[in-house]
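1. let me see the structure of the following:
(3 chains)
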Amino acid sequence: MDLNRLRAFQAVYQHNSTVGAARTLSVTRSAVSQSLSKLEAEIGVKLFTRAAKGLVPTSAGHSLFRRIDPFLSSLENEVRAIKSAGERPSGLLRLGTPVAFGRCYLPVKLAAFRARYPEVEFALELGNQTRLLSLLEAGELDFTIADVFDDPSPSRLRSSLFSLETLFEERMTLVCSRAYFEDHRLENATIETLAACNFLTYQSQNFDLKSWFRHHFAKVPPQLSIALTVDDSHALIEAVKCSLGLAVFGSHLVEPELESGALRAVLSGPADEINRISLVQLLDKKPSLTERAFVKHLLAG
DNA sequence: CGGTGCCGCATACCAAGTGC
DNA sequence: GCACTTGGTATGCGGCACCG
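-> So this is what the prediction gives:
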C-alpha cells in the first residue's frame, strides 16, 4: 500500500476538501484527487461522497481514518526523533579500557561528557588489551583505550586495522618498597642484580616487564621470577608495598608513594620508557556524530 | 549506457454547485 | 446570468527502475 496515498487520504479527511489537503501536502489539488482515486481503486471501496462543497467520508472512510491516523502520526514522530538524534550526540557508546584506567581516570571523563549530552549512555568493558582489541575488531566495541610503547617488537596495534589517537603520555617506572630496595642493593642496579629479584605483573605474559627490560637493557633476562600476576593496580601497589617484589607502573599511579618515600624507583630518570595512552578505533569504520564528539571530549584533556 | 515503461505530478480544461 | 469555488480528468513531462 502506497504511503503517499494514505497521507493524501488523511489530509482530505482532515480538511474535507482536496484544496485544503493540497495546501497541507504542498502539491496541486489534482495530485490529491488522483492519489485518492487510485487509493479507492486499489481498495475497491469509495472513501468519500463527492458533495457540492467538498468531500464527505463514507463509513469505510471513517473506518480507514481511525486505523491509519494513529499509525501515520506515530510514524512521523518516530522519523522526527531519528532526525533529531542525528543532530546531537545520543545513544550507546561501547568503550573498552584497561582496568586501572577504567577505574581511576575514565569515570570523571564519562560524567563530564554525560553532563553535556544526557542522551548518551555508556557500556564500559574492563579487561586486558588483547581481549579488548578482539572485541573492537568484532564490532562489539566502538573504542578501546590502549597502552602504546615505542617498543620495536611487532604489535597488533601497528596493523593497518586500527587508528590511534594519543590521549596523554606517562613514564613507565620499575618500583619496589624502600625495604626491598635496600635489601637487594638496587642503587645503580645491573640486569644481573635485577634478574635475581621477584616481580609482580599485570599480565600473564608479563609484557610490561619484558618491555621495561628491553627499553633499559636491550634484552630480557631468560628467567624472571614472577611472584604475583594481578590485573588490578591497587592490588599491585599494595603487594609492592609489602615487599613482594618489583613491578612496572605508569608514573601517575605511584607518584604519591614515590614522593613520600614509601616506594623507590629503580633506574628512575628521564630515560624511562614512555607509554602513550591512546584511543583506538577501527580504521575503516566511519565514526558517528556521538563517537566524534566523545573523541573530541577526551582529546580536550 | 541508451531504450523503454511505469508512476506521480502539474497544467489545462470541463462540469457542477453556490452566492450575489 | 455570471463569477467563483471545487472536484474530476486528459495530457504531457520528468524521475526512476529495469533490461538488453
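2. CA only for contacts and neighbour counts going forward, please
-> Fine.
3. okay but A:Ala22 is in contact with A:Ser35, surely?
-> No: between A:Ala22 and A:Ser35 there is no contact under C-alpha atoms under 8 Å: 11.0 Å.
4. just give me the longest helix of chain A.
-> helix A:59-85 (DSSP state H).
5. run through the neighbouring helices and strands of it.
-> helix A:3-15 (3 or more C-alpha pairs under 8 Å, 6 or more residues apart in numbering; DSSP states H and E).
6. can you give the strand pairings for the longest strand along chain A, parallel or anti for each?
-> Ranked by number of residues, the top strand in chain A under DSSP state E is strand A:162-177. Strand A:162-177 pairs in its sheet with strand A:247-250 (antiparallel), strand A:263-266 (antiparallel), strand A:273-282 (antiparallel), by DSSP bridges.
7. ok, then the element right after the longest one?
-> If you walk from strand A:273-282 toward the C-terminus, the next helix or strand you reach (DSSP states H and E) is helix A:289-299.
8. next one: that next one to chain centre, how far?
-> 9 Å (C-alpha atoms, centre = their mean, to the nearest Å).
9. what does that helix contact?
-> Residues from elsewhere that reach helix A:289-299, judged by C-alpha atoms under 8 Å, 6 or more residues apart in numbering: A:86-91, A:93, A:109, A:113, A:120, A:142, A:166-167, A:279.
10. inside helices: which ones of the residues you listed?
-> Counting by DSSP H, those place A:Lys109, A:Phe113 in helices.
11. so what touches stretch A:214-221?
-> With contact meaning C-alpha under 8 Å, 6+ apart, stretch A:214-221 is reached by A:Asp151, A:Ile191, A:Ala195, A:Lys210, A:Phe213, A:Asp272, A:Glu273.
12. can I get those residues in CSV with neighbour count, pLDDT and secondary structure?
-> Converted to CSV, those look like this (neighbours: other C-alpha atoms under 10 Å; pLDDT from 0 to 100; DSSP: H, G, I helix; E, B strand; the rest coil):
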residue, neighbour count, pLDDT, secondary structure
A:Asp151, 14, 63, coil
A:Ile191, 13, 88, helix
A:Ala195, 16, 89, helix
A:Lys210, 15, 85, helix
A:Phe213, 19, 87, helix
A:Asp272, 17, 79, coil
A:Glu273, 21, 81, strand
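13. quick one: the strands in the stretch 101-250 of chain A?
-> Applying DSSP state E, counting those that start in this stretch to the stretch 101-250 of chain A gives strands spanning A:120-126, A:143-149, A:162-177, A:198-201, A:225-229, A:247-250.
14. am I right that A:Arg50 is in a strand?
-> Yes: A:Arg50: assigned to a strand according to DSSP: H, G, I helix; E, B strand; the rest coil.
15. confidence score at it?
-> pLDDT for A:Arg50: 79.
16. just grab the bridge partners of it for me.
-> With DSSP bridges applied, A:Arg50 shows beta-bridge pairing to A:Leu55.
17. can you count the residues close to it?
-> Close neighbours of A:Arg50, defined as other C-alpha atoms under 10 Å, add up to 14.
18. now do A:Phe249
-> Applying other C-alpha under 10 Å, we find 23 residues neighbouring A:Phe249.
19. who in chain A is up against DNA strand B?
-> Taking C-alpha under 7 Å from any atom of the strand as the contact definition, chain A meets DNA strand B at A:2, A:4, A:26-32, A:34-35, A:52-53.
20. pick out the residue of the stretch 51-200 of chain A closest to DNA strand C.
-> A:Gly54 (3.4 Å; C-alpha to the nearest atom of the strand).
21. how about that residue: what's its closest non-neighbour residue?
-> Nearest non-adjacent residue to A:Gly54, counting by C-alpha to C-alpha, 6 or more residues apart in numbering: A:Ser17, 4.8 Å away.
22. can you pick the most crowded of the residues of chain A next to DNA strand B?
-> A:Val32 (27 neighbours).
23. other SSEs contacting the helix or strand hosting it?
-> Using DSSP H and E, the element containing A:Val32 is helix A:29-43. Contacts defined by 3+ C-alpha pairs under 8 Å, 6+ apart place helix A:29-43 against helix A:3-15, helix A:18-25.
24. dump these to TSV, plus distance to DNA strand C and mean pLDDT.
-> Output for the helices and strands packed on helix A:29-43, formatted as TSV (distance: least, C-alpha to the nearest atom of the strand, whole Å; pLDDT from 0 to 100):
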stretch	distance to DNA strand C	mean pLDDT
helix A:3-15	8	86
helix A:18-25	4	84
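25. can I get those in a markdown table including distance to A:Glu40?
-> Below are these laid out as a markdown table (distance: least, C-alpha to C-alpha, whole Å):
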| stretch | distance to A:Glu40 |
| --- | --- |
| helix A:3-15 | 10 |
| helix A:18-25 | 15 |
